[in-house]
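Q: Quick one: sequence and predicted model below, then my questions.
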Amino acid sequence: MPEDYVNTPVSHWMIEGDVTVTMIQSVSGISESNAVEGTAYQNAQGEPERPKWWSRATTYGDISLQRVLDTEQVFNDWRKEVKAGDKAAKKALTITALTADLDTVGVWSLEGAWPSSMSVAGMESGSDAQSYESIVLTVDKTERVS
């Protein structure tokens, strides 16, 4: 580990950009991958060779966000844009991981983000448990910027 390494727990997440949501409880699925390609051939000794290389084409995983259900309609309004076919529903965003003291742990830049699904869970009238709103973002590109 580097000398200046600090294990900093993430308390919550924030989204800023074309859409702003200040309190996200859970973020998962920030990922990217490159396909593996290879060509089989025989070397000078007649032995098979199967080198593997990476494709330059990068795919980015869907990102799941969860927040406490409240009166804010940001996710719902964004989904309405998608369902209406509005091309402006693809947004440029940053997702920031924050400590309890609001110090930044990490920032990811998202390009072409749009909510491909939305759900609400935990709505039981006889329970005092919190209800949650979840969306899945499909993205064109993800990059950690800090």
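A: Noted; the coordinates are in hand.
Q: State the helix or strand in which residue 125 lies.
A: Under DSSP states H and E, no helix or strand contains residue 125.
Q: same question but for residue 55, I mixed them up
A: Counting by DSSP H and E, residue 55 is found in strand 52-60.
Q: Heading C-terminal from that strand, find the next helix or strand.
A: strand 63-68.
Q: What's the first helix or strand after that next one?
A: Counting by DSSP H and E, what follows strand 63-68 is helix 74-83.
Q: So which elements touch that next one?
A: On a contact count with 3 or more C-beta pairs under 8 Å, 6 or more residues apart in numbering; DSSP states H and E, helix 74-83 meets strand 104-121, strand 132-138. For every residue, glycine as well, the C-beta is placed using N, CA and C.
Q: wait, is residue 7 part of a helix?
A: No - assignment of residue 7 by DSSP: H, G, I helix; E, B strand; the rest coil gives coil, placing it outside any helix.
Q: Going forward, the N-terminal residue is numbered 37.
A: Fine by me, first position is 37 from now on; the one you just mentioned is residue 43.
Q: on that earlier part again, and the angle from the strand holding residue 91 to strand 140-157?
A: For strand 88-96 against strand 140-157, the angle by axes from the mean of the first three to the mean of the last three C-alpha atoms, to 10 degrees is 60 degrees.
Q: Tell me the helices and strands packed up against strand 88-96.
A: Using 3+ C-beta pairs under 8 Å, 6+ apart, strand 88-96 is in contact with strand 68-74, strand 177-180.
Q: Contacts made by the helix or strand harbouring residue 131 with the rest, please.
A: If you go by DSSP H and E, residue 131 is part of strand 127-134. Residues outside strand 127-134 that contact it (C-beta atoms under 8 Å, 6 or more residues apart in numbering): 46-55, 60, 63, 66, 99, 114, 140-150, 181.
Q: what comes up buried for that strand?
A: 127, 129, 131-134 (16 or more other C-beta atoms under 10 Å).
Q: Any stretches of the chain with poor pLDDT?
A: Within the chain, the ranges that satisfy pLDDT under 70 run 37.
Q: Identify the residue nearest the geometric centre of it.
A: residue 99 (3.2 Å; C-alpha atoms, centre = their mean).
Q: what sits against the closest residue to residue 118 other than its chain neighbours?
A: Of all residues not flanking residue 118 in the chain, residue 125 sits nearest, at 4.5 Å (C-beta to C-beta, 6 or more residues apart in numbering). With contact set as C-beta under 8 Å, 6+ apart, residue 125 has these partners: 114, 117-118, 150-151.
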